[in-house]
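Peer 1: Structure for this input, please:
(one chain, ligands or ions: 1)
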Amino acid sequence: MAWAAGTDALGLNFYPRSPRYVTPEMAAALARTRPALGAVVGVFVNESPDVIRARVRDCGLTSVQLHGDEPPEACAGYGVPVIKALRVRGPEDVEKARTYVGAGDVATLLLDGAAPGYGGGGVGFDWSLVARLADAGVPVLVAGGLNPENVREAVRATRPYGVDVASGVEVSPGVKDADAVRAFVRAVKTLAWE
Ligand SMILES: O=C(O)c1ccccc1N[C@@H]1O[C@H](COP(=O)(O)O)[C@@H](O)[C@H]1O
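Peer 2: The predicted structure follows:
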């Protein structure tokens with residue numbers, strides 16, 4: 001459904017405490033639906049490197065999104081590019097994000113809101129802070145509290161490399177709303193490039 005809606009990347013959540021958790025078997029089956037230009041991202045929170053490597057290998061992940069307290073030195077060794085997610089409460093967290101630029105295999109940063117827990121909480125952050133990474137030389141993804149109604153404003157405000165959404169396109173935690181997914185992708189992809 002997500003691919004048909006036009007999404008560029010599918011996130012598979014391996015955090016056992018998430019309502020979006022998928023088993024390795026489910027993940028591998030979903031990853032096999034990947035179109036030629038699609039990305040399959042494994043989302044992990046403070047997971048052991050051996051488990052991450054096993055999921056990359058067995059589930060066909062094309063990148064990993066580290067959404068926990070992983071230090072810069074833990075962002076390498078998985079054989080695929082790393083998206084490091086940081087929860088943003090204020091400017092100090094954006095400065096912390098900078099410490100991951102050039103570290104290990106970090107290819108992209110993801111800025112998320114600071115909901116309780118590690119992610120998927122539907123909480124945004126001050127989008128004006130994204131500009132602080134404009135000179136960092138690394139692509140930035142914006143997430144946190146996005147939905148079909150506010151994502152265009154988020155893109156206009158932050159000019160990100162991409163956006164990520166979990167709870168904002170669901171009927172209930174972990175259950176995607178196909179109409180909302182389609183509306184979200186349409187809202188982003190029909191934005192004029194200025
Ligand atoms: O979605 C989850 O349950 C989750 C759990 C642990 C870490 C990350 C998680 N999801 C990521 O959180 C952000 C924001 O989600 P939301 O749109 O605010 O609900 C996003 O990057 C998800 O991939």
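
Peer 1: Go ahead and confirm Ala187 touches Leu146.
Peer 2: No - with contact defined as C-beta atoms under 8 Å, Ala187 does not reach Leu146; the gap is 9.7 Å. (C-beta placed from N, C-alpha, C; glycine too.)

Peer 1: Pick out whichever of the two has more residues nearby.
Peer 2: Counted by other C-beta atoms under 10 Å, Ala187 and Leu146 do not tie: Leu146 has more neighbours, with 26 against 20.

Peer 1: and that one, what is it in contact with?
Peer 2: Gly124, Ala154, Val163, Asp164, Val165, Gly168, Phe184 (C-beta atoms under 8 Å, 6 or more residues apart in numbering).

Peer 1: State the distance from it to Trp127.
Peer 2: 10 Å (C-beta to C-beta, to the nearest Å).

Peer 1: So which bits of this structure are right by the ligand?
Peer 2: 11, 13, 15, 18, 20, 43, 45, 67, 110, 112, 118-122, 143-146, 164-168 (C-beta under 6 Å from any ligand atom).

Peer 1: try 8 Å this time
Peer 2: Residues of the chain lying near the ligand by C-beta under 8 Å from any ligand atom: 11, 13, 15, 17-21, 43, 45, 65, 67-68, 85, 110, 112-113, 115, 117-124, 141, 143-147, 164-169, 173-174.

Peer 1: Which of the contacts of Leu146 sits closest to Ala31?
Peer 2: Asp164 (17.4 Å; C-beta to C-beta).

Peer 1: residue contacts, Arg34?
Peer 2: Trp3, Leu10, Val40, Gly60, Thr62.

Peer 1: which one of those residues is nearest Leu30?
Peer 2: Proximity of those to Leu30 (C-beta to C-beta) peaks at Leu10, which lies at 6.7 Å.

Peer 1: Since that was my last question, I'll sign off now.
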